[in-house]
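J.: Give me a model of this one.
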Amino acid sequence: MIHFDIANMQVELDELQQKTNVADFWSNTEISTPILSKMKAIQNKLDKYNKIETELSNIESLNDLLITEYDKDLANELIENTKNLEKDIEKLEIQTLLSGKYDKNNAILTLHPGARRHRVSGLGRNVI
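T.: Sure thing, here's the model as predicted:
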């Protein structure tokens, strides 16, 4: 299963946008609310992807410029932009991995001390 298929996401967004053009769409909140929520989620993912793609293109251009003519300030900017891009990609990767049917729901985490109670009891207090 491909979690981040841009082409299919765009097709799905277009299909959902067509549903919003139906005459009674806006009068029925039971139908409109989930569709609008899904549209917003898809659009957010597409926006993040497009931002990363643009930043990658900028980094490639900056790298080409540095190959042609080295400049220390540009090199530092390239390094900083690359680090920021890496962080953005990691965030997007985690969001993509946690984009299943139930991943948007909350979870309850319970820690049990087990046999070595005296060693992990502090951990339980810190988490709570």
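J.: Low-confidence ranges, the chain, go.
T.: 1-3, 100-105, 114-128 (pLDDT under 70).
J.: What is the longest helix of it by residue count?
T.: helix 29-68 (DSSP state H).
J.: ok now that one, how far from the chain's centre?
T.: 9 Å (Cα atoms, centre = their mean, to the nearest Å).
J.: List the buried residues for that helix?
T.: Neighbour-count burial for helix 29-68 flags 32, 36, 39, 42, 45, 48, 55, 59, 62 (criterion: 16 or more other Cβ atoms under 10 Å). C-beta coordinates here come from the backbone N, C-alpha and C atoms, glycine included.
J.: I'd like to know how far the fifth one sits from residue 84.
T.: In this case it means residue 45. 19 Å (Cβ to Cβ, to the nearest Å).
J.: re earlier: helices or strands up against the longest helix of the chain?
T.: helix 6-19, helix 72-97 (3 or more Cβ pairs under 8 Å, 6 or more residues apart in numbering; DSSP states H and E).
J.: Now do the longest one and helix 29-68, the angle between them.
T.: The one in question is helix 72-97. 150 degrees (axes from the mean of the first three to the mean of the last three Cα atoms, to 10 degrees).
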